[in-house]
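A.B. asks: Below are the sequence and a predicted model; questions follow.
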Amino acid sequence: MPTGLRYDVVVIGAGIIGAACADALTSDPAVRVAVVDRGPVSGGTTGAGEGNLLVSDKLPGPELDLALAGIRLWRELAEQLGAQALEYEPKGGLVVASEAQALGALRELAEGQRKAGVAAEWVPAERLGELEPQLAPDLAGGVHYPQDAQVQPARAAASLLRRARDTGRVDLLTRTDVIGLDRGRVLTDRHGTLHCDTVVNAAGTWGGEVAALAGSTLPVRPRRGFVLVTEPLPPLVRHKVYAADYVADVASGSADLQSSAVVEGTAAGPVLIGATRERVGFDRRLSVPALARLAAQATALFPALASVRAIRAYRGFRPYLPDHLPAIGRDAVRSWLFHACGHEGAGVGLAPATGLLIAQLVRGERPFLDPAPFDPARFAHPQQEAQP
């Protein structure tokens, strides 16, 4: 491919966020986009994710507002592209509590979520079995979240990129390292210089490295997580089911190992069991203690899993920012650079809303929701000033 290619926007990252940004940007028929990734499509965090589309684990506030928009947009995408193209399953979520104190906190959270627009239905202990017949019988109660859903993340990213490329205005440059960034130029190792007006940093866990190439700062850090995969089973788990303490783990800033069972079935038969969180850098080593905790917590929720074989485990790195909100918007230092990263474990669910927001901000349009809480400038050092 010749060097010196010209684009309006270069998106760095071919995971679900980069794919959603590219797809949203092509709604303007005059825009040409390149999507660049040092690996394959979904080769990073997206390929190691479960594909959660959740509102149930979000506290009332800006992330929940973004998640509600994401749920709506995923539903529209499933209609436009076909549910099978995304492996979209509107299965709903069920959050359960094992004792009365946790149940009280869960009901309080659900009430706040309802006021923000979430459908949340109280389920007393005696009715839990109607929703999940295999659930442990000694739970205190729970909340049903019918808006929660699921996609297969790598397939969803590929489908969004395919639609974007079908416009004839998007090039996908995979296995290509970005080695330098400057105004109007993205330097790559395989395709030379890509000339552009705007760069979108959708590099996920490596978003901080991309910001540094541009002479800016974004404190993205990896937060490792494991998922257990069982042997294929007859239908066992109907919803996405997790314990109430998962919400606290999501909101925690602790670097230590945290785990709370998230159990769900798949169309192919295996049951997925997550989720752990720990900040250990990019250490990819398998953690037997982490997997053992997941297995114990999952069997406490679904005793039938105790006799089931786990056939594999996989791991990934969530892109963590200190305040648990993604960075979406213009860089505080480089006016030509926009960030769309730091979504931690919520990137798949937030992807279409993030893509829409980025496209509107790049075009200078009025955004569909207030972008201020996601402004990357909140991490800028006081002495930094905006530069061209």
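C.D. replies: Now that the structure is in, tell me what you want to look at.
A.B. asks: need the contact list for the residue positioned nearest the centre of the chain.
C.D. replies: The centre of the chain sits closest to Gly347, judged by Cα atoms, centre = their mean, with a distance of 1.6 Å. By Cβ atoms under 8 Å, 6 or more residues apart in numbering, Gly347 lies in contact with Gly15, Ile16, Ile17, Thr45, Thr46, Gly49, Gly204, Arg318, Pro319, Pro326, Thr354. Any C-beta I mention is one placed from the backbone N, CA and C, and that applies to glycine too.
A.B. asks: now, which of those lie within strands?
C.D. replies: With strands defined by DSSP state E, the entries of the contacts of Gly347 inside them are Arg318, Pro319.
A.B. asks: As JSON lines, the contacts of Gly347 with pLDDT would be great.
C.D. replies: Formatted as JSON lines, the contacts of Gly347 follow (pLDDT from 0 to 100):
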{"residue": "Gly15", "pLDDT": "97"}
{"residue": "Ile16", "pLDDT": "98"}
{"residue": "Ile17", "pLDDT": "98"}
{"residue": "Thr45", "pLDDT": "92"}
{"residue": "Thr46", "pLDDT": "94"}
{"residue": "Gly49", "pLDDT": "86"}
{"residue": "Gly204", "pLDDT": "96"}
{"residue": "Arg318", "pLDDT": "93"}
{"residue": "Pro319", "pLDDT": "95"}
{"residue": "Pro326", "pLDDT": "98"}
{"residue": "Thr354", "pLDDT": "98"}
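A.B. asks: Which of the contacts of Gly347 sits closest to Gly61?
C.D. replies: Pro326 (12.8 Å; Cβ to Cβ).
A.B. asks: Just to check, the closest one is in contact with Gly345?
C.D. replies: No. In this structure, Pro326 is not within contact of Gly345 by Cβ atoms under 8 Å, at 11.2 Å.
A.B. asks: the more surrounded of those two?
C.D. replies: Taking other Cβ atoms under 10 Å, Pro326 and Gly345 do not tie; Pro326 has more neighbours (28 against 25).
A.B. asks: roughly how far apart are the more buried one and Gly355?
C.D. replies: Using Cβ to Cβ, to the nearest Å, Pro326 is found at 12 Å from Gly355.
A.B. asks: Which secondary structure elements does the helix or strand encompassing Arg155 sit against?
C.D. replies: Following DSSP states H and E, one finds Arg155 within helix 153-165. Helix 153-165 is packed against helix 16-25, strand 33-36, helix 62-81, helix 83-86, strand 170-173, with contacts defined by 3 or more Cβ pairs under 8 Å, 6 or more residues apart in numbering; DSSP states H and E.
A.B. asks: The very next helix or strand once past the second one pairs with which strands, parallel or anti?
C.D. replies: Using DSSP H and E, the next helix or strand after strand 33-36 towards the C-terminus is strand 52-53. Using DSSP bridges, the strands paired with strand 52-53 in its sheet are strand 149-150 (antiparallel).
A.B. asks: which residues sit against the helix holding Arg155?
C.D. replies: By Cβ under 8 Å, 6+ apart, helix 153-165 touches 14-16, 18-20, 22-23, 25-26, 33, 35, 41-42, 46-47, 49-51, 77, 81, 85-88, 170-172, 348.
A.B. asks: Just the CA coordinates for that helix, please, in CSV.
C.D. replies: Extracted in CSV, the C-alpha atoms of helix 153-165 (Å, rounded to 0.1, in the frame of the first residue of the first chain):
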residue,chain,number,x,y,z
PRO,A,153,-17.8,-8.7,21.4
ALA,A,154,-15.3,-9.7,18.7
ARG,A,155,-18.1,-10.5,16.3
ALA,A,156,-19.9,-7.3,17.1
ALA,A,157,-16.7,-5.2,16.5
ALA,A,158,-16.1,-7.0,13.2
SER,A,159,-19.7,-6.4,12.1
LEU,A,160,-19.4,-2.6,12.9
LEU,A,161,-16.2,-2.4,11.0
ARG,A,162,-17.6,-4.3,8.1
ARG,A,163,-20.5,-1.9,7.8
ALA,A,164,-18.1,1.1,8.0
ARG,A,165,-15.8,-0.4,5.3
